[in-house]
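Q: Sharing a model that was predicted from the sequence below.
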Amino acid sequence: MTLTTRVKLSTMMFLQFFIWGSWFVTMGTYLGKTLAASGTQNATAYSSQSWGAIIAPFIIGLIADRFFSAQKVLGVLHLIGAALLYYITTIPNFDGFLPVIFAYMIAYMPTLALVNSVSFKQMTNPSKEFPPIRILGTLGWIVAGLLIGWLGWEQSNSLVLTFKMAAIASLILGLLSFALPSTPPAKKGQKTTMSDIMGLDSIGLLKNTSYLIFFIASVAICIPLAFYYNFTNPFLNELKMEGAAAKQSIGQMSELAFMALMPLFFVRLGVKKMLAVGMLAWVLRYVFFAYGDIGSNYWMLIAGIVLHGICYDFFFVTGQIYTDNLAGERFKSAAQGFITLATYGVGMLIGSYMSGPIVDHWKTAEGHNWQTIWLIPAGIAGVVLLVFIIFFKDTNQIQNKPGLDIEEPAEGRLEV
């Protein structure tokens, strides 16, 4: 890969996640303070991410994979996104805001797969070349949070500017995309079935009892995850934490640190323990939030944010590696698409529709009874952890469907 190509891809990845991090973290606070939205309305707005994740494979499978170059589809979607983000700053009420944010997420979520496709096409050794470029994406999210905190937009009730900032970045990335290396449609002229689009060719993996338990746990653990994404920023701002968005970026810093340490943990813990530790971190995070405050228990709030690195890396990244090893070469792409659709699509969607009414139910004259609110996702995560520990054995052989040639690795023996 030439230096010019590397710079272009790195810039693309930085902007891709800078755009998302610019508005997504603080949207709940914006909706509550500026548009007087309820908890249920807030959660409904966040569910747009899940609907985008569910619809995204159809856009990729039916358009980008068959008819147009990935970088051109990426450019068009980001230009549409820039217009929608700017338009949303002119809307004075939630009823007008909701359909626009839904339209935006339907445009944005497919770009997550497109930036990967553009990157991989230029690489001869993705396992070594992709991580340094992907890290720029996490850095983009971090910079967005730090910038919001430094500018004090939460304290000055100026969060509408986050959408304008994201719109400008989306415009830049949209234009840059047309200068990215050519990435022709991978399946031009081929017939694409619904099974291909939704990754259903990998459904035979669910015949493996252990993988079925992992799959169910993955969907279920995304229910409490929705509480974190939807309400952490409103919670911290209600507690009067200064620069809450900037503090939340510590979670992405933690993610980078634990990602680097994962190979060491794999050797010592193995798959089951890695996944269990990730879910245990979920429980602890919400317990810390439940009992944390701006006074003597301030450390609990920071610890809860730091635990995001373990929550994400130990469960989702380990799960992706587990799925990749189990599926084999033929079905690995379909399997990753299927598990993503189930978690960020179905699991997060359920969590969004659950979290909003719960937050509204525990609303008080002074704000919210956050202790009770956070103990609910802690309890859900605890139940998922308990079921996983009891039933996940990872010793069953896969019952192959016709044409599905997969061998299950021994517990804990995954290549990293």
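A: Sure thing, it's come through.
Q: And Q320, which helix or strand is it part of?
A: For Q320, the host element (DSSP states H and E) is helix 318-340.
Q: average model confidence for that helix?
A: The pLDDT scores in helix 318-340 average 69.
Q: residue ranges with poor pLDDT in the chain?
A: Under the criterion pLDDT under 70, the flagged ranges of the chain are 60-66, 127, 186-204, 324, 327-336, 394-416.
Q: ok so, going back, right, and the helix or strand after the helix holding Q320?
A: Moving toward the C-terminus from helix 318-340, the next helix or strand (DSSP H and E) is helix 348-361.
Q: Now the element after that next one, going C-ward?
A: Per DSSP H and E, helix 348-361 leads on to helix 370-391 as the next helix or strand towards the C-terminus.
Q: wait, what's in contact with the nearest residue to K121 once chain neighbours are set aside?
A: Using CB to CB, 6 or more residues apart in numbering and skipping residues adjacent in sequence, the residue nearest K121 is T183, 4.5 Å away. In short, each C-beta sits where N, CA and C put it, glycine included. By CB atoms under 8 Å, 6 or more residues apart in numbering, the contact set of T183 is S69, A70, Q71, S117, V118, K121.
Q: hmm, 10 Å instead?
A: For T183, the contacting residues are 64, 68-74, 114, 117-122, by CB atoms under 10 Å, 6 or more residues apart in numbering.
Q: Mind telling me what element it is part of?
A: T183 belongs to no helix or strand when assigned by DSSP H and E.
Q: can you check Y286 too?
A: Taking DSSP H and E as the criterion, Y286 maps to helix 250-291.
Q: by how many degrees do that helix and helix 370-391 diverge?
A: Using axes from the mean of the first three to the mean of the last three CA atoms, to 10 degrees, the inter-axis angle of helix 250-291 relative to helix 370-391 is 110 degrees.
Q: So for the next helix or strand after helix 250-291, what gets flagged as buried?
A: Using DSSP H and E, the helix or strand that follows helix 250-291 towards the C-terminus is helix 298-306. Judged by neighbour count using 16 or more other CB atoms under 10 Å, the buried positions of helix 298-306 are M300, L301, A303, G304, I305, V306.
Q: quick one: contacts for the nearest residue to E255 once chain neighbours are set aside?
A: Distances taken as CB to CB, 6+ apart put G309 closest to E255, at 4.3 Å, once the chain neighbours are dropped. Contact partners of G309, counting by CB under 10 Å, 6+ apart, are I250, G251, Q252, M253, S254, E255, L256, A257, F258, M259, L261, A281.
Q: list the contacts for the third one?
A: Going back to what we said before, that points to Q252. Contacts of Q252 (CB under 10 Å, 6+ apart): 17, 21, 25, 137-145, 305, 308-309, 312.
Q: Which residue comes closest to the residue nearest the centre of the chain once chain neighbours are left out?
A: In the chain, the residue lying closest to the centroid (CA atoms, centre = their mean) is Y344, at 6.7 Å. Closest residue to Y344 apart from its sequence neighbours, by CB to CB, 6+ apart: A53 at 4.4 Å.
Q: quick check, the residue nearest to E255 in a helix?
A: Yes. Under DSSP: H, G, I helix; E, B strand; the rest coil, G309 falls within a helix.
Q: What distance do you get for it to L98?
A: As judged by CB to CB, to the nearest Å, G309 and L98 stand 32 Å apart.
Q: hmm, back to that, among the contacts of Q252, name the ones in strands.
A: Among the contacts of Q252, no member falls in strands (criterion: DSSP state E).
Q: Output the buried residues of helix 298-306 in CSV, with distance to L239 appended to each entry.
A: Listed next are the buried residues of helix 298-306 as CSV, based on distance: CB to CB, whole Å:
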residue, distance to L239
M300, 11
L301, 8
A303, 15
G304, 12
I305, 13
V306, 17
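Q: Tell me which stretches of the stretch 51-200 of the chain form strands.
A: With DSSP state E, counting those that start in this stretch, there are no strands along the stretch 51-200 of the chain.
Q: returning to what we had before: the residue nearest to Y344 reaches M348, doesn't it?
A: Yes. Contact criterion CB atoms under 10 Å: A53 and M348 qualify, at 7.4 Å.
Q: got a list of what M348 touches?
A: The neighbours of M348, taking CB under 10 Å, 6+ apart as the test, are 46-47, 49-51, 53-54, 219, 222-223, 225-226, 229-230, 342.
Q: Closest to P110 out of those residues?
A: A53 (9.4 Å; CB to CB).
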